[in-house]
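J.: Any chance you could fold what I've pasted below:
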Amino acid sequence: MSDVDVRTPVTVIGLGDMGVALAGAFLDAGHPTTVWNRTAAKADPLVARGATRAETPAEAVVAGPLVIVCVLDYEAVHGVLDPLADELRGRTVVNLTNGTPGQAREVATWADEHGIGYLDGGIMAVPPGIGTPQAFILYSGAREVFDAHKDGLEVLGAATYVGADPGAASLQDLALLTGMYGMFAGVLQSLALVRSAEVELPEFASTLLVPWISAMTTMVPHYADQMQRRAYGENVVSNLGMQSVALDNITRAHDEQGVGLELLAPLYALIRKRVADGHGAEDITGVAELLRAAKGARA
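T.: Model prediction:
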């Protein structure tokens, strides 16, 4: 049993849509839950469900051993937590605010200097999904802190520990979002192209696009293995030389239909460069080497 069981008090700071969902999940699981938000009225529905409204952040954080922070950005995190170092000493802060790995490490260093347990988290769910089997949350920081509170955190969604580096959860959270937005870019580009021919978009999406994308996702582990080993020429599924021909046809089709290609044009340009650099027999994963080169050039 962890330090946080179904009866242990929990504090939630920040009551946007996600903060409300987090607090609601703790209430549903039987945790005495204290809440605070800069706009106090946002706590009203939770108070009606049994939460305790704190009048100040200091009052909120001393209400229990586990403090969940989910605010707009890291400026708000510092604004709330920095003045409360003494009150937070000996407690655990779980910061579920979206930010960068560097920001997470900075707060973790501050917490360690003040004797505060700290976990950084990345929420992989929308607010209505919190507390459901589909939700999972990434956590990083000291393993002993995670183990002490894992059972309590599980009420929010599957608690997944990703490493001692406090920035690991943020990094992988943003990496997952990057994959999501990349998928959305392809979906929107695809729908824009077929819309130009007055195709019924819902039918195209449900009967063709979704099954196709689902089938293509089975390649992700293979591509991950290639990239891990930088073995872009091994077990090639569809070489770049062939793909570049298809890209030319995709580009022409968009021109013919009067549809811009802005969402995918940068990727196509990188593929063409990779082919021009002599890697046409390799898989698409080799394009990642151009990203590494670009970062090195900026540095």
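
J.: Show me which positions of stretch 180-199 end up buried.
T.: Buried positions in stretch 180-199, judged by neighbour count with 16 or more other Cβ atoms under 10 Å: 186, 189-194. C-beta here means a position set from N, CA and C on the backbone, and glycine is covered the same way.

J.: Could you dump the residues you listed into JSON lines and include distance to residue 222?
T.: Converted to JSON lines, the buried residues of stretch 180-199 look like this (distance: Cβ to Cβ, whole Å):
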{"residue": "186", "distance to residue 222": "18"}
{"residue": "189", "distance to residue 222": "24"}
{"residue": "190", "distance to residue 222": "22"}
{"residue": "191", "distance to residue 222": "27"}
{"residue": "192", "distance to residue 222": "29"}
{"residue": "193", "distance to residue 222": "27"}
{"residue": "194", "distance to residue 222": "28"}
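
J.: With pLDDT as extra columns, can I get the residues you listed in a markdown table?
T.: Formatted as a markdown table, the buried residues of stretch 180-199 follow (pLDDT from 0 to 100):
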| residue | pLDDT |
| --- | --- |
| 186 | 98 |
| 189 | 98 |
| 190 | 98 |
| 191 | 98 |
| 192 | 98 |
| 193 | 98 |
| 194 | 97 |
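
J.: and residue 288, how far is that from residue 34?
T.: 46 Å (Cβ to Cβ, to the nearest Å).

J.: Who has more neighbours out of those two?
T.: Using other Cβ atoms under 10 Å as the criterion, residue 288 and residue 34 rank with residue 34 on top: 25 against 16.

J.: Give the buried residues for the host helix or strand of that one.
T.: Assigned by DSSP states H and E, residue 34 belongs to strand 33-36. Residues 33-36 are the ones in strand 33-36 that count as buried (16+ other Cβ under 10 Å).

J.: Looking at those, spot the one nearest residue 109.
T.: residue 36 (24.4 Å; Cβ to Cβ).

J.: does the closest residue to that closest one other than its chain neighbours belong to a helix or a strand, and which?
T.: Nearest residue to residue 36, sequence neighbours excluded (Cβ to Cβ, 6 or more residues apart in numbering): residue 60, at 3.8 Å. Here residue 60, judged by DSSP H and E, is contained in helix 57-61.

J.: After that helix, which helix or strand is next? Please name it.
T.: strand 66-69.

J.: Partner strands of that next one, with direction?
T.: strand 10-13 (parallel), strand 92-95 (parallel) (DSSP bridges).

J.: Any chance you could list what contacts the helix or strand just after that strand?
T.: Moving toward the C-terminus from strand 66-69, the next helix or strand (DSSP H and E) is helix 74-81. Contacts with helix 74-81, where a contact means Cβ atoms under 8 Å, 6 or more residues apart in numbering, come from 13-14, 57, 69, 71, 88, 93, 95, 97, 99, 103, 106-107, 110.

J.: Strands along the protein, start to end?
T.: 10-13, 33-36, 52-53, 66-69, 92-95, 117-124, 136-141, 158-161 (DSSP state E).

J.: pretty sure residue 87 is in contact with residue 64, am I right?
T.: No - the pair residue 87 / residue 64 is not scored as a contact, 11.8 Å apart, by Cβ atoms under 8 Å.

J.: low pLDDT regions in the stretch 151-299 of the chain?
T.: Scanning the stretch 151-299 of the chain with the threshold set as pLDDT under 70 gives 294-299.
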